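Chemist: Return atomic coordinates for the entry below.
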Amino acid sequence: MALPALISTLLPNDSSAPSITRCEWAGDDPLMVAHHDEEWGVPSRDPVHLFELLTLEGAQAGLSWSTILKKREGYRQAFAAFDVEQVARFGDADVERLLADAGIVRNRAKIESTISNARAILALDEPFPDLLWSAVGGEPIVNRPRTLADLPAETAESKALSKELKRRGFRFVGPTICYALMQSAGLVNDHVITCFRAPDRTDEEVQAYTIGEAKPLNAPIGLAEYDPRWPELYAREEARIRSALGDRARRVEHVGSTSVAGLAAKPIIDIVLTVPDSADEAAYATDLEAAGYVLRIREPEWFEHRVFNGPDTNVNLHVFTEGEEEVERMVAFRDVLRRDPGELELYLRAKRELAAREWRHVQHYADAKSAVVEDILSRALA
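Modeler: Take a look at the predicted model:
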């Protein structure tokens, strides 16, 4: 996991320390937290569990998920622990009995759909889990959203699954319900990147956006104490960038840990450059390369982000499109650390604790810092 129990152990005697960072929807309800930590996004191929989740997601329609979780034990008792064969044999008398059961949602259509769905499962010519997992090609989709606002209500995959389930006789399986089922059952992993349950990027994912070989680190992160020469190195690189691009360099900013006095850092000068369109590499990459910069990362799915390494200084030049919100976040984070000693100390202690661990890739270390970064930003931007 990206951040295993980090934040809760950073400052155990400091009441200002943040708690473990979870997806915001989990809240502080014990049932919601347990579902988030132990079930949501975890791949399941257990037919009983999947029938249970299908039933619960359908029952949620028009209600809160916390309401359904509070009734979960009631559902298990009412529907024979989700034994498909037993539920499929339920008849009219069982429906009437269930309509009087306060332990479940007493909605006739939802009750009858659970029974008919059990019968639809028995009528399948393939295992129920195989049918569900075929919607994602048999492997989980990992989306890595930054915030809950990035989560869709439905996707092309959930629409296709909904259509297929309806064709097979299932009920209460609209695209939105199907997507919620896919999230709960781990067909998709939608934990936000700051959540401690967000998965580490695989070697294949890291290589996919790296130009050249993405060599694993398999070591702790080396931090250097603040060096007053870092701003001078930035100023030299800024002049080089502006000379290469002229007015195409719409904004150049020194960001990252080397831009904050007193903050230990990897001795790499992080620079943000905005251009009219970062996806249009032909409009700027050739001139940067002529100035000695080398393109190393291309992330079209993340704000069309590009990273160049410097010619004679250890530099990460981050290129974004002019006006991109991520640039404002990076600058805002730098500025709050510059003006608030308390936030600076919190971040520094988090960095040191994380850097001491062994990391497969530097990106894993960067992802792990996201929780404390978001915690600080949430206060700064409130």
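
Chemist: List the buried residues of stretch 270-282.
Modeler: Buried positions in stretch 270-282, judged by neighbour count with 16 or more other Cβ atoms under 10 Å: 270-275, 278, 281. No exception for glycine: its C-beta is placed from N, CA and C like everyone else's.

Chemist: now these as TSV including distance to A380 and pLDDT?
Modeler: Shown next, in TSV, are the buried residues of stretch 270-282 (distance: Cβ to Cβ, whole Å; pLDDT from 0 to 100):
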residue	distance to A380	pLDDT
D270	19	98
I271	21	98
V272	17	98
L273	23	98
T274	21	98
V275	27	98
S278	25	98
E281	33	98
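
Chemist: closest to R329 among those residues?
Modeler: Distance ranking of those against R329, using Cβ to Cβ, places V272 first at 10.4 Å.

Chemist: picking up where we left off before, now go through the buried residues of stretch 270-282 and say which are in strands.
Modeler: Those of the buried residues of stretch 270-282 mapping onto strands are 270-275, per DSSP state E.

Chemist: And the buried residues of stretch 270-282, which is closest to R97?
Modeler: Comparing the buried residues of stretch 270-282 against R97 with Cβ to Cβ picks out S278 as the nearest, at 61.8 Å.

Chemist: List the contacts of the closest one.
Modeler: Contacts were defined as Cβ atoms under 8 Å, 6 or more residues apart in numbering; by that measure S278 touches 303-306, 319-321, 324.

Chemist: repeat that with 6 Å
Modeler: Residues in contact with S278, defined by Cβ atoms under 6 Å, 6 or more residues apart in numbering, are 304, 306, 319-321.

Chemist: Select, from those, the two members most distant in space.
Modeler: In these, two members sit farther apart than any others by Cβ to Cβ. They are R306 and T321, at 10.1 Å.

Chemist: between those two, which one's more packed in?
Modeler: Set R306 next to T321 and count neighbours by other Cβ atoms under 10 Å: R306 wins out with 25 against 18.

Chemist: ok, what's across the strand from that one?
Modeler: When bridges are assigned using DSSP bridges, the partners listed for R306 are R298, V319.

Chemist: Would you map the strands across the stretch 201-350 of the chain?
Modeler: With strands called from DSSP state E, counting those that start in this stretch, the stretch 201-350 of the chain shows them at 251-255, 269-275, 294-299, 305-309, 315-321.

Chemist: May I see those strands arranged in JSON lines, with distance to S134 as well?
Modeler: Formatted as JSON lines, the strands of the stretch 201-350 of the chain follow (distance: least, Cβ to Cβ, whole Å):
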{"stretch": "strand 251-255", "distance to S134": "44"}
{"stretch": "strand 269-275", "distance to S134": "42"}
{"stretch": "strand 294-299", "distance to S134": "29"}
{"stretch": "strand 305-309", "distance to S134": "33"}
{"stretch": "strand 315-321", "distance to S134": "37"}
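
Chemist: Of all these, which one is nearest I111?
Modeler: The stretch from these with the least distance to I111 (Cβ to Cβ) is strand 294-299; that distance is 47.3 Å.
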